[in-house]
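**Q** What shape does this take:
(2 chains)
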Amino acid sequence: MFKKTSIFKLYVLCFILIYVFIAVVNVKADSIVLSEVELISNDVSGPGANNSILNDGFKYNGNFNYTNRNEMDKYNFLFNIGLNTQEDRISEEQDLLISRLKASISSKDNSSVFNIGDTFEYFDQYVLNSSLKGISYKYNSPNNGNFKFVFGYDYPRWENIFNDDYQAVSRKSWGMNYNNKQNEKFKWGLSLLKTNDEKGVNDNDILYDNDIYGFNWEYYPIQGLTVKGSSAYGDTEESENSSFSGTAHKIKIFSNAKEGRASIDYERVEPGFKTLLGSATADRVKYKGSLLYRYSERINYNFDYIYFYDNLDGTKSSTTYYHKPGLGVSIRHIFNRRYASTSFKYNLNKKESDDMLVKDNRYTVNYRDRFKLLDMRISMSYSDQESELGDDLKKEDELTSNISLSTRKTINKYILRPTLRFGYFNNDNETEDSSNSSFEKSFELGLDIPESRINSSIRFGEKEDNREEEDIRKLFANFSFYYRPLFLEKYNQGRIYLRLKYNDLSYSENSDKDIRENSISSGITINF
Amino acid sequence: MKNFIIIVLIMLMIFCPLEAEAFWWLFGKNQDQVNMSYLYINGISYDESGQEITLYQDLLEDGLINIQGRAAIRKGTIGSVRVSIDGKETWDSAELSDDGAFQYYFRPEIGQEYEIYIEAMETAGRTNEVDETYKKVIVSESNYQQVIEERLAEMFTAYEMQNINSFMEYVSWDFVGGDVILEQALNKDFSNFADIAIEYNLINLAINNDGMISIVLQYDRRLISNNDGSTLADSGLTEFVFNLEEQGPVLYSMSQPLIFGVSDAANVASGVINSAENEQVIAVNDQGNIELKSIDEIVNETAEMNNEDGNSGGSEIPAYESGEKSIASVFNDENGNWYNQGYRFSDGQILERFAGYCDFYIETNIIFLNDDVRVLELNETDINNVTELPETGYVEQWDLPYGITWDICYGLSLPDGNYAVVYFEEAEEVNSEYDADIGEVFYRIRFKYKYRDDGGRQF
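**A** Residues are numbered from 1 along each chain as shown, chains lettered A, B, ... in the order given. Predicted coordinates for the structure are as follows:
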C-alpha cells in the first residue's frame, strides 16, 4: 500500500487541480462536487489517555464527492464517487476509503433504472432495509406497477471487498419485489429475498441461509385515512445444520390532518423469524396507540400507549411484559404572553416478569418565555423508579433540570448571541441510602458578522459529578469559526473553518484515569 | 387470542363502512364537497407530511417537481384542476383525466420556496377547500450528503448535550424500534451516563428513489457511568437508515451496535451490522452499569434474560462466566514437539502456550501464570463460596511462598483490568492417554473458574 502521507499529498494535489479546473472552465450544471480538506492536531495527555477518543498527534481528513449527470438519446446517466482519506479515527487503519461508488442508467421516461455499486432498494421493513454493494434494476410500468430486482453483497464498506484488513461475513443476497397499484384505494406488493452467507470471518461464526417472502399493502378506505400492513415469512438454516422459520406481521392504521394525527399499530414477530437485511425484533407482540390532538391553535394533547411482550413460543422460563403509557399537553401563549409556551408530559415505563418488576414514572415540564430581550428555557424532569429483581428491591428517584438564558443583540454589523446554561441532576437511591448528583454550568457567546460572512461561537464550562465512589470534574471549551470568503462565493456552502476543543476530566479517587484532550482542526469545504 | 379479536374488531369497524361519513379522525370531511382522494409531491404523500416539504436538488427526477392527485365528488364531475405555486398569485392548469386524476410538473429554481395551492372545480362550479391543499415546498441548495452530515452533527450534539427534546425532532414517527421506546431509552441513557463523548466519520452512504438514505458510521465513543464513575471506550461500525420527511432526514432505523438509546438496546435496535470490526461494544446492564460485551452477547441478551440456565436476570450480581475445564501437557507424535496448553479468560480459549497469549498454562505438572497476571491466595477451598474478590493485595506468582498449589482458590487480577477466581485440582499423570486431536497427554490439570469481563469483583 501507499504511505498515508503520499495518499494525502495526492489527494491535496487532486483537490487543487479540480479547484483550478473548475475556476478556469465552467463545469456543467449537472455536475456536483463536494470536497473538504481538514488538518487536525490532537494533544492527549494524562494517565487515562488510553480512554481518549482522539487520535493523538497531527492528523488529516479529506473528503471528495463527485456526481455527474449526463444524457444521451433516451437515457440519463449518473456517476457518483466519494473518497475519504483520513487518519483522525483511532480505529481506522485504512488511509483511503471509498465512501460512495455508484453508476446508474435510466430511461428518460423513468420506466427503467439500472444501478451498479452502492444500491439501496427498500422492499419492505422485514425483507430489505439495508444497502448492498451490487446491482439493481427497477422497471416502472405504465400501468401503475413497478418491479425491482437486486443482487449484491451486504458489506458495510467497500474495503470489505478488496482489503483483507477489513473483514465481514461474505453475505450474498438477491431478490425481487413487485408493487402494484390496484386502484386509487389499494396498493400491494410481493417480495422475495434470498441471502446466503458464503464465508465467515472466524471459525466459530454462524453462517445463515435465509429466505424471506413478503407481502405488503396500503389501503385508503376514506379520505385522510391510511391502513397499511406487511407480512413476511422467513426460513433460515444455520451452519450448525439447524433450521427454523417464522412469520412477522405488522398493521398500521394512520390518519393525519390539520386537527390531529392518530395511529394504531399491531406487530407480531415470531421467535423463529430472522431477517438479515431487514429490520425486526424477533419474539415480540406489540400494540401501539398514539394520538396527537390539536385541540386549538394554542393547545395540543398527546396520548400514547405501547404494550409488548415476548416468549411467544413459551420456551422461556417467564414472559416479560412492557407497558409504556404516556400523556402530555402543550400550550402556547400561556398567561397571555406572546412568546410563552409550556408542555407537561407523563410517561410510565413498566417491565415485568415472574421474578422482575421495574417501574419508572417520569414527569416532565418544559417552559419557554421571553422577557424583553431575554429568552428563557426551563426543563425539569422527575422520575421515581422501583425495581424488584428477584429478592433485590430498589427504590430511587431522580431529578433533572436544565435552564438556559439567552439573548441576541446587534451592534453595528456584529450580532452577539450570549447564552448561559445550568444543568442539575440528582439521583437518590432510597434502598441503599446513597445519592449522586451533578451540576453543570456553561457560557456560550456566538458572534456573527453577516457582512463579512463570518459565524463563530465560543462555549466553555464546568461539570461536577459527585457520588460516593468517586467525584469527577470536567472542564470543557469549544470554539468554532466559519468564514465564507468571496473567492468561494461561486461554490455553494464553500467555507473555511477553524475549530478548537478542550476537555479536562479529573477523578477524585483514581487520578490514574485523569485525561486532558486538546484538539484543533481547520479546513476548507467547497460545493458546487 | 383476546388481543387478536380486539384487533379484528377494530379492523372491521374501519373496513365495513367504507362509504360512511367521516369518523372522528377525519375531522369533519363531507363527501358532497369536492375532495382530494390522494395528493403527492414528488412521491411524498400529503397525508403523511406536514405543512412544509424540503426537496433536495440531487433528488429531483429530471430536475422537476411533480404534483399528482385525484379530485373526487360523490355527485358530479370534476371539470378542471388548477395549481398555484406562488401562494395563489397566479394559477396554471393541471393535466386532468376523466376520473379526476391530475398531474402538474414544474421546474423549480434551486434555493427557492414555493407556496402551493390546488383548486379542483366540478362542472357545477363547486370547489374543494383550497386552503387545505397548502404546502410550502423548499428546494434546498444542499445535496443529500451535506444534509445527512448536518443532521448527524445535530443529532450527536443533542445527544452529547443530553437534550432529549432536540434529539426527538430528528426521529421519524415511523421509527422501526418505536419512537416512544427510543425516547424512554434516551432518558435512561442520560440517567446512566455522566459524560458522553463520540467522534464519528461517515464511511458509506446510499440513497434510493423513495427518499430513504442508508449510512454507515465509523465511531469512537467514551462513556462515563453515573453509578460508579467507571469509564469505558469502544470503537466500531454501525448503520442508520433515514427517511426524508418534511423536516429533512429523520431517523428510521438503527442497527447494533447501538449509539443512541443504548440503555435499552435490545428493544431499540432492529438489526445487526455485518462487520468483524465490532469486537467489544459498550452495553448497559439492568443495574445501569456500563460494561464491554461482544456483539453476539448483546444480540442474545433478551433471549438470555429469561433463560433458566443463565446466571443473570433476577440476580443482583451482574452476569459472570463460570465453568470447569482442563488443560494438558502434550507430546505430539506427528510433529515430534512438546507443547503445553494454556487458558485465556477473555475469550474462553484453550491455546498452545506458544501460540498465543494465555493467562496461565501448564508445564509438565506445574501451573504457571503469565507475567502480567497478579494473584491472591484465598483462604477458601470451595469456589462456590467465593462471592467477592478484594481490590488490592495481588502479587506476582513468584511472590507466593509455595507457588500455585492445588485444592485452594485463587483470585486473579488480569492484565485487561478484569478479575477471575480459579481453583486447580492436583495435576493428573496420564502417560498412557492418547488424544487423537492433540497427541499424547502426559499431565492434565482440571480447574474451575469464575470470570467477569466488566472489571467487577462480585461473583
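
**Q** Show me what A:Thr226 is bridged to.
**A** A:Phe254 (DSSP bridges).

**Q** how much space is there between it and B:Asn187?
**A** Plainly put, A:Thr226 is 30 Å away from B:Asn187 if you go by Cβ to Cβ, to the nearest Å. From N, CA and C alone the C-beta is placed, and that goes for glycine too.

**Q** For those two, indicate the residue with more neighbours.
**A** Per other Cβ atoms under 10 Å in any protein chain shown, whichever of A:Thr226 and B:Asn187 has more neighbours is B:Asn187, with 24 against 18.

**Q** May I ask you to confirm that the more buried one belongs to a helix?
**A** Yes: checked against DSSP: H, G, I helix; E, B strand; the rest coil, B:Asn187 lies within a helix.

**Q** show me where pLDDT drops low in chain B?
**A** Across chain B, the ranges flagged by pLDDT under 70 are B:1-32, B:47-49, B:58, B:61-62, B:142, B:301-319, B:332-336, B:431-437.

**Q** Relative to chain A, how far out is the residue of it most remote from its centre?
**A** No residue in chain B sits farther from the centre than B:Ala124, which is 56.5 Å out by Cα atoms, centre = their mean. Separation of B:Ala124 from chain A (Cβ to the nearest Cβ, to the nearest Å): 20 Å.

**Q** That residue contacts B:Gly76, doesn't it?
**A** Yes: counting by Cβ atoms under 8 Å, B:Gly76 is a contact partner of B:Ala124 at 6.0 Å.

**Q** Might you report the residue contacts of residue 158?
**A** No chain specified, so I'll use chain A. For A:Trp158, the contact set (Cβ atoms under 8 Å, 6 or more residues apart in numbering or on different chains) comprises A:97-98, A:101, A:133, B:204.

**Q** You answered for a different chain; I wanted chain B.
**A** So B:Ala158 contacts B:164, B:166-167, B:170 (Cβ under 8 Å, 6+ apart).

**Q** Identify the bridge partners of A:Met455.
**A** I think there's a mix-up here, since residue A:455 is Asn and not Met. Beta-bridge partners, per DSSP bridges, of A:Asn455: A:Asp448, A:Tyr482.

**Q** what number of residues lie near residue 248?
**A** Picked chain A for this. Using other Cβ under 10 Å, A:Ala248 is surrounded by 27 other residues.

**Q** try again with chain B
**A** By the criterion of other Cβ under 10 Å, B:Gly248 has 23 neighbours.

**Q** Against A:Thr400, how distant is A:Ser438?
**A** Distance from A:Ser438 to A:Thr400, by Cβ to Cβ: 10 Å.

**Q** quick one: common contacting residues for these two?
**A** Listed as contacting both A:Ser438 and A:Thr400 by Cβ under 8 Å, 6+ apart are A:423-425.

**Q** Could you save the residues you listed as JSON lines and add columns showing secondary structure and distance to chain B?
**A** Converted to JSON lines, these look like this (DSSP: H, G, I helix; E, B strand; the rest coil; distance: Cβ to the nearest Cβ, whole Å):
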{"residue": "A:Gly423", "secondary structure": "strand", "distance to chain B": "8"}
{"residue": "A:Tyr424", "secondary structure": "strand", "distance to chain B": "12"}
{"residue": "A:Phe425", "secondary structure": "strand", "distance to chain B": "8"}
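
**Q** Among those residues, which one is most surrounded by other residues?
**A** In these, the most neighbours by other Cβ under 10 Å go to A:Phe425, 22 neighbours.

**Q** residues in contact with it?
**A** A:398-401, A:437-439, B:191, B:226.

**Q** Please apply the same query to B:Asn42.
**A** B:55, B:59-61, B:65-66.

**Q** and if you look at A:Gly326?
**A** Taking Cβ under 8 Å, 6+ apart as the definition, contacts of A:Gly326 comprise A:302-305, A:345-348, B:180.

**Q** just the buried members of these?
**A** Using 16 or more other Cβ atoms under 10 Å in any protein chain shown as the burial test, the contacts of A:Gly326 include A:302, A:304-305, A:345, A:347, B:180 as buried.

**Q** Identify the farthest-apart pair in those residues.
**A** Greatest spatial distance among these (Cβ to Cβ): A:Tyr305 and A:Lys345, at 14.1 Å.

**Q** wait, isn't B:Glu291 in contact with B:Asp454?
**A** Yes: in terms of Cβ under 8 Å, B:Glu291 counts as a neighbour of B:Asp454; the distance is 3.4 Å.

**Q** of those two, who's got more company?
**A** B:Glu291 (22 against 19).

**Q** Which helix or strand contains the more buried one?
**A** strand B:290-293 (DSSP states H and E).

**Q** can you list the residues that contact that strand?
**A** Here strand B:290-293 makes contact (Cβ under 8 Å, 6+ apart) with B:192-193, B:223, B:225, B:230, B:232, B:234, B:280-285, B:318, B:453-456.

**Q** Keep these, but drop any that are not near chain A.
**A** B:Leu232 (Cβ under 8 Å from any Cβ of the partner chain).

**Q** Let's see which of the contacts of strand B:290-293 end up in strands.
**A** B:193, B:223, B:225, B:232, B:234, B:281-284 (DSSP state E).

**Q** Give the full set of residues in contact with A:Asp465.
**A** Counted by Cβ under 8 Å, 6+ apart, A:Asp465 has contacts A:436-438, A:471-474, B:194-195, B:224, B:226, B:229.
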